[in-house]
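Undergrad: Predicted model follows, preceded by the sequence.
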Amino acid sequence: MLGRFTLFFAKAMHVLVTTKLKIAKVLYQISRIGVESLNITILTGSFSGMVFALQSYIGFERVGGEQFIGAVVALAMVRELGPVLTGLMVTGRAGSAIAAEIGTMRITEQIDALKTLRINTFQYLVVPRLIAGVIIMPLLTLFAMVCGIIGGYFVCTYVLLLNPDQYITNIKMYVEMKDILGGLTKSAVFGLILTWVGTFKGYTTSGGARGVGISTTQSVVLASIMILISNYFLTKMLENL
């Protein structure tokens, strides 16, 4: 399984560098993966920032550190919550769709028909999705980050009645550009993971309609686990850099 998984990615990279990239396909997949996931990303980011601000206030109030809520919410959204939650949500929405779509093409022999017509199925089906995932995930994550910080601002200002200027000032003071770039780097890797897993599971589907369901479920579970595990190692690597 691991060997097939790795060879699948290696073949996709080989096709990427040796064939012409289908730009129209990439743009279409950017729309499918990114634009259609925008609403759920905004909702997830906003309410994550709101609840994190509320929970931070409960803790900071006990030690008299309410003035640091803005910095804590912003750092959490930028470094961890934004990239990870966006990755998990897009995996559930777009990663599963990728596996189901390609899996259906496999069991209905559409992929075999493409091969018969001498069409490179990796160039046609796999590579555009991988590139689209890497490109669009940082942009989605950026929306999640901003919406989370804004959500935290509204909670602090209108629910907890804290000083709004202090919220913004602490963000400017403690959040650095390297924090933002680190979060965007993570999201690009997560985009690669969810499209890689989705295309692999779909491409290797067997067993009819039941097999499509199994592949779709496995793609979501595997991609989610890989995102959570890789998040730790990416955090450690970025910290050392």
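TA: In hand now; what should we look at?
Undergrad: can you tell me which residue is nearest the centre of the protein?
TA: For the chain, residue 87 is the residue whose C-alpha lies nearest the centre (Cα atoms, centre = their mean; 2.5 Å).
Undergrad: Excluding sequence neighbours, find me the nearest residue to that residue.
TA: Once flanking residues are discounted, residue 87 sits nearest to residue 190: 3.5 Å by Cβ to Cβ, 6 or more residues apart in numbering. (Each C-beta comes from the backbone N, C-alpha and C, glycine too.)
Undergrad: so what secondary structure elements neighbour the longest helix seen in the chain?
TA: Using DSSP state H, we find that the single longest helix of the chain is helix 208-240. Packing contacts for helix 208-240, counted by 3 or more Cβ pairs under 8 Å, 6 or more residues apart in numbering; DSSP states H and E, involve helix 82-90, helix 96-107, helix 177-203.
Undergrad: Tell me what angle the last one forms with helix 96-107.
TA: Spelled out, it's helix 177-203. When axes from the mean of the first three to the mean of the last three Cα atoms, to 10 degrees is applied, the directions of helix 177-203 and helix 96-107 differ by 30 degrees.
Undergrad: Off-centre distance for helix 177-203?
TA: From the chain centre to the centre of helix 177-203 is a distance of 6 Å (Cα atoms, centre = their mean, to the nearest Å).
Undergrad: Tell me the buried residues in that helix?
TA: The neighbour-count check on helix 177-203 (16 or more other Cβ atoms under 10 Å) flags 179-180, 182-203 as buried.
Undergrad: do the second one as well
TA: Of the residues in helix 96-107, those with enough neighbours to count as buried (16+ other Cβ under 10 Å) are 96-107.
Undergrad: How about stretch 61-75?
TA: 66, 68-75.
Undergrad: What of stretch 159-172?
TA: Buried, per 16+ other Cβ under 10 Å, within stretch 159-172: 160, 162, 166-167, 170-171.
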